[in-house]
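S.K.: here is my input, please return the structure:
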Amino acid sequence: MNTNLTDHKKSLQNTYVRTALGIALVIAIVLVFFFCLELALGTAVPVRVIESGSMCTDPAGCNGWTDAFEQTLHRGDIIIIQGVQPQEINANYPNSDIIVYQNPQNPTATPIVHRVVAEYYINDTWYFQTKGDGNAPIWPAPIDASYYDSHQIWFTGQGVPQDLVLGRVVMRIPYFGSIILFMQENNWALSIVIVLIAALVLIAFFLPVIRAKRNRKKLEGQKEAKTAIDEFIK
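M.R.: Residues are numbered from 1 along each chain as shown. Have a look, this model is predicted:
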């Protein structure tokens, strides 16, 4: 009986170890994936969710669902960002690049995702004038300098310097970012997700233990039955 108890304890320990290793492996795979994505795209911020509607070109508004594949960005889109050399950014409006950059007036704020409308080179530095496609006049209409972000957001007239450019948008994935925004704006939703994840982890951790206990009881019952039969035969 002591041998069985020792074997059972070892089995539980092995189950705990396997489960812990499985969870650690999943976390490691996710971290490695994002690290490889950063290396492949050449930027520290390869993925973002669009939080603003400033790129929406539909006067009726974009919800990311009915106009999911129109040539614009919707609030709730997930965008893939690629690092780029400043001299390689396309400023040929209206077919210019959409870039992600830090606000020159407040670099710690949420980065801005707008289209390049002009560029210039001063003192070994590239500067980019930008504008949201959905901000008047709506893309691809011609615009003048008074509509640049530098006259509408930070009011200096100076474009975005190259060191504040995080990269350019190379892909958009509709729909899925809306889930992230919903959780950001509704703390109760985020709490539910955390609870569900915790519950799944606990289930994954304890389910093998419960199964091991059931198997042990089953084996003990079989042994007791065999012992009773042997005694009866004697």
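S.K.: look up how far residue 58 lies from residue 180.
M.R.: 22 Å (Cβ to Cβ, to the nearest Å). Every residue, glycine included, has its C-beta placed from N, CA and C.
S.K.: do the same with residue 27
M.R.: Plainly put, residue 27 is 40 Å away from residue 58 if you go by Cβ to Cβ.
S.K.: how about residue 50?
M.R.: Note on residue 50: its distance to residue 58, by Cβ to Cβ, is 15 Å.
S.K.: between the two, which one's more packed in?
M.R.: Each of residue 50 and residue 58 has its neighbours counted (other Cβ atoms under 10 Å); residue 50 has more, 24 against 15.
S.K.: residues in contact with the more buried one?
M.R.: 73-79, 113, 177 (Cβ atoms under 8 Å, 6 or more residues apart in numbering).
S.K.: hmm, try it at 6 Å
M.R.: Contacts for residue 50 (Cβ atoms under 6 Å, 6 or more residues apart in numbering) come out as 73, 75, 77.
S.K.: buried residues, stretch 79-92. List them.
M.R.: Using 16 or more other Cβ atoms under 10 Å as the burial criterion, the residues of stretch 79-92 that qualify are 79-84, 86, 89, 91.
S.K.: in a markdown table, list these along with pLDDT.
M.R.: Output for the buried residues of stretch 79-92, formatted as a markdown table (pLDDT from 0 to 100):
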| residue | pLDDT |
| --- | --- |
| 79 | 91 |
| 80 | 90 |
| 81 | 93 |
| 82 | 92 |
| 83 | 93 |
| 84 | 93 |
| 86 | 96 |
| 89 | 97 |
| 91 | 96 |
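S.K.: what ranges do the helices span in this structure?
M.R.: 2-41, 149-152, 177-185, 187-233 (DSSP state H).
S.K.: in the second one, what counts as buried?
M.R.: Looking back up the chat, that one is helix 149-152. Within helix 149-152, the residues scored as buried using 16+ other Cβ under 10 Å are 149-150.
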